[in-house]
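Chemist: predicted structure and sequence below. I'll ask about it afterward.
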Amino acid sequence: MNYNQQIKILTTNRLNLRLFQKADAPEVTKLCNNYNIYKHTLNLPYPYSIEDAITWIEHQYERFQNNKLYEFAITDKTTGRLYGSIALSNNQRFLHGELAYWIGEEYWGNGFASEAAKAVLKLAFTEKQYHKVFARCFPTNPASEKVLQKIGMEKEGVLKEHVKKEDRFEDLVYYGVINRNG
């Protein structure tokens, strides 16, 4: 992984993780306006409009600059095609952050989430000096659990009926990994 502070790009074998740009809004809208993504995420609205995308993108740079939240577009290193998003929150008080991501349904099963998550985890532990990174997912999303396991996270527990989604309470599975080198 290579991290470029000036232009804020993480690179992996196949991917560039970069800041979103306003020009990404139509593709973000296309990818996120999908019930199958909505049902596996905590905060994405559905239906998802171009206004949702623009508002989301407009706020990212400020949060990035203020070291609150690092959100990256997951893009193809060669073509620039947008596959999804990955984010890492930054809680300086506790030296930890939450990892969250989504991948457009047409790109599921290609390992993009795992590859991007490994790069962001390395950023968290090597550059940002986090002690811990955690993630949450719905138990109805085994693909996300596999991603978290692949990057070395361990299941820490289940919070029963922790969030309300579509008028019913849902469990959340918590995963985490501690930086043993820091």
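Modeler: Received, thanks. As the structure is a computational prediction, the values presented were derived from the model and not from experiment. Numbering: from 1, shown residues only.
Chemist: strands along the chain, start to end?
Modeler: 2-4, 9-11, 15-18, 69-76, 82-89, 96-103, 132-137, 154-165, 168-178 (DSSP state E).
Chemist: might you list the low-confidence residue ranges for this structure?
Modeler: 1-7, 182 (pLDDT under 70).
Chemist: just give me the longest helix of it.
Modeler: With secondary structure taken from DSSP state H, the chain has its longest helix at helix 50-65.
Chemist: what sits up against that one?
Modeler: 8, 19-22, 24-26, 28-29, 32, 45, 69-71 (C-beta atoms under 8 Å, 6 or more residues apart in numbering). The C-beta positions use only the backbone N, C-alpha and C, and glycine is treated the same way.
Chemist: closest to Asn36 out of the strands of the chain?
Modeler: Relative to Asn36, the nearest member of the strands of the chain by C-beta to C-beta is strand 96-103, separated by 10.3 Å.
Chemist: nearest residue to Arg136 in space, please, no chain neighbours.
Modeler: In space, and not counting its chain neighbours, Arg136 is closest to Leu172: 4.7 Å by C-beta to C-beta, 6 or more residues apart in numbering.
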